[in-house]
Structure formats: structure tokens, C-alpha cells
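>>> I need the structure of the sequence given here:
(3 chains)
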Amino acid sequence: MDFELLLVILVDGLVYSSYLFLVAVGLTVIFGVQKVLNVTHGSFYAFGAYFAAYLIGLWSRGGLPDWGGFLLILGSAIVLGIVLGVIIERGLLKYLYDRDEHIVVLATFAAFLVLEDVILLIWGTNPYLAFQPLALLGNSEIAGLVFDNYALTMIALTFIVAFILWYGLNRTQFGKVLLAVIFDREISMAMGINVTKVFLITFMIGTFLGALGGAYHAPIISVQPGIGVEVIVLAFAVVVIGGMGSIPGALIGSIIVGISRAAAVHMYPELELFVIYAIMAFVLVIRPEGLFAPIKARKI
Amino acid sequence: MTRVLEVHDLEKNFGGVVAAHNINVTVDVGENIGIIGANGAGKTTFVNMVTGYLPPSSGRIEFMGKNVVGLHPRDVTKLGLCRSFQVPQVFLSETVFDNMLVAYGIAERSGWGLFTPLHTDDREARVDAQLKRYQISEYRDVAASALPQGVRKLLDIAMATVRNPKLVMLDEPTSGISVEEKFDLMDIIMLALKEEDTTVMFIEHDMEIVERFVNRVWAFYQGEIICDATTAEAMKDEKVREFVIGQEYHPGHVEGGAHA
Amino acid sequence: MNQLLDKTFWGLTIGLVALFALNFVLEEWMRSIGLQSLSRGCVAIGLLILWRTGLVSFGHALFFGFGAYTVAMLQIAGVNDIFVLLIGGTATAGLLAFFLGFLLRQYRAIFFALLNMAFSMILYGVLAKVEALGSTDGIGVSHVSFLGYVPADEDYRPTLYVFAICFAYIAAVLSHWYLKSTLGMMTMAVRENEIRVEYLGYSAERAIHAKYVISGVLAGVGGVIMAVTVGHVDPDSMVYWPVSGDFVFITILSGTGNVGATFIGALVYELLRTYAFEFAPEIWQLILGGSLLLIIMFLPDGLWSIRSEWRNRRRMAAAARGETQAAE
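Numbering: from 1, shown residues only, chains lettered A, B, ... in the order given. Okay, the predicted model is just below:
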């Protein structure tokens, strides 16, 4: 295998990993805290992509400077995190926490279907191309190959977000509260933790991350219907592989999935999807809780 | 064949914890045996091993002359060794009648039977007979989740004994039952079991129950059997008094009720 | 024997006769809806059996698609008879379920659901990317013959319809009888208390394995019917994960009370989809998703529970009026 191919696979793989991580980490946190496998996350990603692409389009048509696109990306993710997060968590999930876990997944699947069409209603079926931030950053040459700097910043963003999350979870008061709720909801409630508030805030953070994944990814893809459907099942694979509820797991899982996918695309394109789900099945078989499952005490 | 159960050198270790050590006992047909001991002494572990739920670390267990180590609980059940549970294991969403129906359905299965209905008139008669035997007929159409604890225990035992087993092991049959009702409950259970001359072993913390219903006692302490004797002898045994029932217990009295 | 010829049996039989009679007056688009409902209804019966066992699969499109693609493959190999195609499709799906079952029977709850989904996505990944299997364009399915009989063009669809309702009827009746047998009741027992099942003398895992195979076979039947009805097989409409989601949707919609209810649920689903698409093509997913949400929130036991709800109301009203009630 020559070095060029290796480098391409590595960079491409890490770029895949980056947006996957953003989506998957939101998913895994929501699962860890609320024990909900949130299919709606796919549309959070899609919403993020559409909203950001739309705003960037408006912005640049208004003749405003291109670097503003980055602010719009962040801003749109925050807005969506709050708005969609509140709507879904308070408007739907709140009523379903005591139901069978499969029903909850189905409800989030239903919400996903609804939101997919809401996107179509708002933005239509034509693709959006918001390439301005991409073009702004130019490209670099590494070892004789040309890479978009924007794609490289995506990789950097992943690690930044991972670090912020790690810090937030382990070094802040709210993080400790989250860990308590992840460990045991009932005991946390008995300890006086406002679990309802925790659920809402966690969900909003998760939504924000999913939307950020889509928003930041928008400049390098063609934002069109169906991107949510594809991403959510990939995110599921990442979460399963890394461990449902584990943030380091989401990081490792997305890197595994991203690089495997890149390797397949560049060497055996027919295996592109097969390899991801084969790994998912493999992990489920040998270690159903995932590679980095959070330690759970056995309750008698 | 009078020897129902033979246990030789039974051992069980969980890492560093010794749950069973040097267990050597035999049981003959028709005996009633009480298993006593503090919580954690190894009584339920013993039952779990004999019934196949837990594999022993070493040792032999022979039921009716046949080695049962390594068999699943379902195979041990089919050989004629059944047990009841400390927390009754029933189908909570179903009625008492349906619970028994399923028990008989499984017991009477033969071959593929892909379409032989579960609910037949014959089977219904057998279910009703069993309910009557355990005196829970009035709860026939009540959901198991709505039953009082005592009735649920009886249902658990009734389900365990549909195959007329040779040996029945009851795990704390009267736990959770009020003092006034304990004796009545045991009366019903022992009457039903003795109809078929079943050999009975039960784990119990209430010494009065033990005294009244069994003629032989095994006392467990830290995974070992420290006494295997008649009830009268066991109640007076020094080690039993020290480790299980307390020095204040006087056989036949109702004094303060020194329980392990 | 009268145990078997109960209300549900007669209900299904009447349904069969009614559908058969309708064949003479149905317009083609109605027949299409009917055929697709029969196809999905079969899959849903399998999911009903698993649901009663306490298990949900998010990947049954695996077996559905397997059955459908087997039809296409067999046709490429020159086989065109509907019976051979049906046996082929269900046999391959069943065999797949048999082998995967050894693995799947050890899992419960969300892991069972996700492992199924993983396998269905593996199949999707293979079908979508491999040119020889049609890739995302899929493969066409041409007209079939019926034990040598090749109908005239205008008779093809009605003939297909008759065969489909017969296959579905047999699947439904056999499933119903199965659920009433001891083995069928094991679904409840395994769901409620596996330890008790083991101690009563039966292997819970074996029970799950058997039900899994049955659900695979039923999904295969559905796949065969759909492939022949639509005349085309492709990964996106038959194996992709939302297809599995829709099957579970239908199961919830119908409720798990009765085998016949799944066909009603499948029909409602099909009508929803078709009319939503027809009159509001931009929001048909919204309507579908919204309906699922309404069912989950307000009718958790599915459409079938409306029937028992209604009977309960009548009974309570009669009791309130002081009438004595005969046993149901």
C-alpha cells in the first residue's frame, strides 16, 4: 500500500469521523442520560445542514464577509438546539419516559418522519450549496496531495468538542450531576437532583451537537433531502460500536467507522456500507454494551 | 430405590468467596428435611446447584441414581426434581388459571405439537384439580399480579409440582407471610405434597415451622453443613445454637422468636 | 378440533371469501393496494409473534428483502412458477432466520432490535453496492405463471390477487393456530418469566429461536408477494432501515391482539401512504409519522383494541343498567 493512499484514507476517514462524531456523541449522551435511542437525531443533523446552508446563502448574497459563515454555523446549531430540543423533549419524550423502550424508539422514528417533511416544506427539494466557508479557507498541500483546509478544521473541531465535553462532564458541577443521572435515575431523584431539568438540558445539548454536525458539514456536501436518513443509521452504528452512553466510545467508534469507510471507498468501493455494519454486528456479538460501555453496577 | 438424592464433596467458589464447602448429604424417599442457616450461609446456592441453575466448582450430585451435574434446570425438572422460589416466579400478567395451564402444557408436551391447542377440557380439569389441591381455586380468574403474597407462593409451588416430582425443594415458602398465616400455609403445602408421597426439602428461617413439619435438619454456616441430625437433636446442638438459632431458643416455646 | 375453528378462524375465512368476491369488482389500483397490504400484513404477523415474546426487531426488512430478491434471482435462473418462487423465497428467508437465530436468540431488548438492524443493513450494503445484484437500481421481476397456467394480460392481476389472498390466508390461519398451541403460548411465558419457563422444563432460547424462524418465513412470504406485485426489487424500497421501521409501525397500528388485525393495520397503512402521497405529496411522511405518534400516544394497543374497548363500554353500560351479564 503506498503512502499516498494511506494518507488519503486517513484524512478522508477522519473527516467522515468528525461529523459522525458530532452526531453520534449527541445520540450517545441522550441515550446515556435518558435511555432513549433517539432516531430524531437524524433530522437534527439535516436541520442543521439546511439552516446553516440557507443562512450562509442569504449572508453571502447580502454581500457580507465570508468568515461570517462560521458564526452562522455555530449560531444556527445553537438556535436549533434550543428550539428543536425543547419541542421534542417537552412536546413528545416527556410523555413517553415510562413506556417500553421500543415504543420510545418508534416515537422518535415517527418524529423523524415528521421533521423530514417539515424540512421539505421549509426548504423545498432542491439542493443547497453553501460553499463559501469552504472556499474561504483554501487548501494545503501535504505530501504531494491537496486537501481542503475546511475538511482539516472539521477534524480539529472533533477533538475540540470531545475535549470540551470531557471537561464539562468531569470538571463541572453539571457534569457530575449528569454522571449521577446516567448511573441511576432513581437514586439521583432521591438525592434531590431535578432530573426533569437535567433531561431537558441534556437533550438540548445533544440536539445542538447533532445540528452542529450537520451545519459544519454543510459547506462540503450538497444539502438535499435524505441526508438525515443516511446519517442516523451510521450514527447508530458508531454508538453501538463505541458503547451506548460513552463519549470516548463515540470518538473511537466514529474513528473506526470513518476510517473503515474511507478504506473501503478507496480500495473496495463495493464494501463501503457492508464493512460498517459488519463491524457493528461484530461488536454487538462479542460485546453488546460496546467497546467502552460505562460501568454499571449490577442491581440485584 | 429409596435413595432420592446423594451429594458428595460439593464445592462452590466465587473468586475468593466460598459459597459451599464439603457438602456431603443423602436423602431418602419420603423424608422431610429442613434447611436452616443465616442469610448468605449457602442454602439457596445449594438449591441452585442441585437444580442445575448454578454449576458447582466440584463434587457430585446424584438424583435417583443419575448424575445431574451439568444439566440445565429444565432437564433436572424433567427428571422429577422441582423447586419453588423465594420470590414467586409466575407469569404476572396472566390469571392463575392461565399460569397453571401453561405449566401443564409444558409438562405434557410431546413431539412437535405445532397446532395442538393449549386449552383443552382435559387439561382444564387437571388444572382445577391442582388449584383445589392447593386451595387457591377461588383465585382462578385473578391476575397473578393482583394476588396476595401467600396465594402467589402457593401458585408458584403448584406450578412447580405439576409433574408430580419425586423431590421438591422449597425456598423459604413462608417468607413474607404474616405470623398468623404461616402454619396454615405450610399445612396446605405439606398436605398437597404428601398426597403423592413426595420427598420435601425446604429452606426456612422460622424454627417453629421447622419443628412442626420436618423430622431432619441441615444447618448451614458459611457454606458448610455444621449439623445433619433429627430436628430435636439439631435444636439442642451447640454449634447450631451458636451460629443459627441463638442460645435463647427453647424448642417448643414461643419465646421472643430468636430467628437467624 | 373445535378449538381450532374458533371466531378468528371464521373471521379470516369470511375475509377470504369477501376478498375473493371483491376481485370481480375491484379496480386495478385497489387491487394493488390490496396486494401490498397482504404482503406487509404477513410480515407483521411475524413481528406480532416476536412482540408477544417480548422482542422487537428493527431489521425484518432483511428477510422481506431476502424473499423478494430470491424471486428476482430465481427468475434470472429461468424459474417462473409462482409456487416455486414462493417456496424458494420463504425457504431462503427461513434458512437465513434459522442460522442467524442461533446468534439472535441470546439477545434481548434493545440489543436484539439493533442486532437485527445491523444484519439488515449489511444486506442493504451488499445489495446497494454490488452491480451484479442490481445495485440501487434493482432488478425487474416479470410476470409469473401459475402451475403452467399463463393468464391473458388482463387476467394476470386478478389471478395474482387470488393466489396472494390464498397464501396470506394460509399464513394467517396457521399462525393463529400456532399461537393457540402450547408452543404459541410460550411467547407470553418467555416474555413474562424466562426462569419459570426453564424450571417448568422448556428451553426459553429454543422457543425464541423457533419464533424467530417463523417470523423470518412470514417476512419471506411478504417479500415474495411484494416482488411479484410491484414487478421490481431494489434495496431502498425493500431492505433499507425505514422499511423495517414501517413494519413495526404496522404492528403497533394493528395491535397484537389478533392475527387478522395485522392485515387491517397493513391496509390502513397502505391507504394512509397512498392517499397522503396522492393529495399531499410534500407531507406524506409527516402524515405517516404523525399517525404513528397519535397511535403511540392515544391508542397504544393498536386498532384492534378499539374492538375490545367498545365491548368493554357496552358491558359496563349494561352493568350500570343493572342487567346481568352472560360470560363473554
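>>> Backbone dihedrals for the residue of the stretch 151-300 of chain A found nearest chain C, please?
Closest residue of the stretch 151-300 of chain A to chain C, CB to the nearest CB: A:Leu273 (2.9 Å). Just so you know, the C-beta spots here come from the backbone N, C-alpha and C atoms, and that holds for glycine as well. The phi/psi pair for A:Leu273 (degrees, to the nearest 10) reads phi -80, psi -40.
>>> And the one residue in the stretch 151-300 of chain C that gets nearest to chain A, how far from C:Trp304?
Proximity of the stretch 151-300 of chain C to chain A (CB to the nearest CB) peaks at C:Gly289, 3.0 Å away. According to CB to CB, to the nearest Å, C:Gly289 stands 22 Å off from C:Trp304.
>>> more crowded one of the two?
C:Gly289 (23 against 20; other CB atoms under 10 Å in any protein chain shown).
>>> shouldn't the residue of the stretch 151-300 of chain A closest to chain C be in contact with C:Lys129?
Yes: contact criterion CB atoms under 8 Å: A:Leu273 and C:Lys129 qualify, at 6.2 Å.
>>> These two: which is more packed in?
Taking other CB under 10 Å, A:Leu273 and C:Lys129 do not tie; A:Leu273 has more neighbours (24 against 19).
>>> Run through the residues that contact that one.
Contacts for A:Leu273 (CB atoms under 8 Å, 6 or more residues apart in numbering or on different chains) come out as C:Met121, C:Tyr124, C:Gly125, C:Val126, C:Ala128, C:Lys129.
>>> Leaving out the residues flanking it, which one is nearest to the fifth one?
Nearest in space to C:Ala128, with sequence neighbours left out and distances taken as CB to CB, 6 or more residues apart in numbering or on different chains, is C:Pro235 at 4.6 Å.
>>> Please apply the same query to the last one.
The shortest distance from C:Lys129 to any non-neighbouring residue, by CB to CB, 6+ apart, is to A:Glu270 (4.4 Å).
>>> Looking at that neighbour now. What's its pLDDT?
On pLDDT, A:Glu270 comes in at 85.
>>> do the same with A:Pro288
78.
>>> Now do the phi/psi pair for it.
Here is the backbone geometry of A:Pro288 (degrees, to the nearest 10): phi -60, psi -30.
>>> That one: how many residues sit nearby?
Residues contacting A:Pro288 under the criterion other CB under 10 Å number 19.
>>> Enumerate every residue touching it.
C:Tyr107, C:Phe111, C:Leu115.
>>> Any stretches of chain A with poor pLDDT?
Scanning chain A for pLDDT under 70 picks out the ranges A:1, A:293-300.
>>> try 80
For chain A, the stretches flagged by pLDDT under 80 are A:1, A:62-68, A:133-138, A:142-145, A:288-300.
>>> Show the residue spans covered by the helices in it.
A:3-34, A:41-61, A:68-91, A:101-123, A:132-137, A:149-171, A:173-183, A:185-190, A:195-217, A:227-242, A:247-267, A:272-286 (DSSP state H).
>>> So what's the gap between stretch A:4-20 and the chain middle?
17 Å (CA atoms, centre = their mean, to the nearest Å).
>>> er, stretch A:174-181 actually
For stretch A:174-181, the separation from the chain centroid amounts to 21 Å (computed by CA atoms, centre = their mean).
>>> Export it to CSV, keeping only CA atoms.
The C-alpha coordinates for stretch A:174-181 follow below in CSV (Å, rounded to 0.1, in the frame of the first residue of the first chain):
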residue,chain,number,x,y,z
PHE,A,174,-23.4,20.0,36.0
GLY,A,175,-21.2,17.2,34.6
LYS,A,176,-21.1,15.5,37.9
VAL,A,177,-24.9,15.7,38.1
LEU,A,178,-25.1,14.2,34.6
LEU,A,179,-22.9,11.3,35.6
ALA,A,180,-25.1,10.7,38.6
VAL,A,181,-28.2,10.6,36.5
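>>> Could you check that stretch and say which residues are buried?
For stretch A:174-181, burial by neighbour count (16 or more other CB atoms under 10 Å in any protein chain shown) applies to A:Val177, A:Leu178, A:Ala180, A:Val181.
>>> which one of the residues you listed sits closest to A:Gly69?
A:Leu178 (31.8 Å; CB to CB).
>>> show me what contacts the closest residue to B:Gln135 other than its chain neighbours?
Take B:Gln135 and drop its neighbours on the chain: the residue closest to it by CB to CB, 6+ apart is B:Ile188, 5.3 Å away. By CB under 8 Å, 6+ apart, the contact list for B:Ile188 reads B:Tyr134, B:Gln135, B:Leu154.
>>> Next: C:Val79.
C:Leu85, C:Gly88.
>>> try A:Ala143
A:Ala143 makes contact with A:Phe3, A:Glu4, A:Leu7, according to CB under 8 Å, 6+ apart.
>>> Pull the number of nearby residues for A:Val83.
As a burial measure, A:Val83 scores 14 neighbours (other CB under 10 Å).
>>> where do the strands sit along the stretch 101-250 of chain C?
Using DSSP state E, counting those that start in this stretch, the strands found in the stretch 101-250 of chain C span residues C:139-140, C:232-233.
>>> Show me what the last one pairs with in its sheet, parallel or antiparallel.
With DSSP bridges as the test, strand C:232-233 is paired with strand C:139-140 (antiparallel).
>>> residue in the stretch 1-150 of chain C nearest to chain B?
Proximity of the stretch 1-150 of chain C to chain B (CB to the nearest CB) peaks at C:Gln3, 4.0 Å away.
>>> And the pLDDT for that residue?
pLDDT for C:Gln3: 70.
>>> number of nearby residues for it?
Here the number of neighbours of C:Gln3 (other CB under 10 Å) works out to 16.
>>> quick revisit: any idea which of the contacts of A:Leu273 is closest to chain A?
C:Gly125 (2.9 Å).
>>> which parts of the stretch 1-150 of chain B sit against chain C?
Contacts of the stretch 1-150 of chain B with chain C, taken as CB under 8 Å from any CB of the partner chain, map to B:51, B:72-74, B:77-78, B:82-83, B:85, B:89-94, B:101-103, B:105-109, B:113-120.
>>> Okay, and which of those map to helices?
Using DSSP H, the residues of the stretch 1-150 of chain B next to chain C in helices are B:Pro73, B:Arg74, B:Thr77, B:Lys78, B:Leu101, B:Val102, B:Ala103, B:Gly105, B:Ile106, B:Ala107.
>>> who touches the fourth one in this structure?
By CB under 8 Å, 6+ apart, B:Lys78 lies in contact with B:Arg163, C:Gly201.
>>> repeat that with 6 Å
By CB atoms under 6 Å, 6 or more residues apart in numbering or on different chains, the contact list for B:Lys78 reads C:Gly201.
>>> what does the first one give?
With contacts taken as CB under 6 Å, 6+ apart, B:Pro73 has the following neighbours: B:Thr51, B:Gly52, B:Tyr53, C:Glu198, C:Tyr199.
>>> Quick check: A:Leu271 vs A:Val285, distance?
Separation of A:Leu271 from A:Val285 (CB to CB): 19 Å.
>>> returning to that earlier point: quick one: residues contacting the residue nearest to C:Ala128.
Residues near C:Pro235 by CB under 6 Å, 6+ apart: C:Tyr124, C:Leu127, C:Ala128.
>>> and the gap between the closest residue to the first one other than its chain neighbours and chain B?
Leaving aside its sequence neighbours, C:Tyr124 sits nearest to C:Val239 (CB to CB, 6+ apart; 4.5 Å). When distance is defined by CB to the nearest CB, to the nearest Å, C:Val239 is 30 Å away from chain B.
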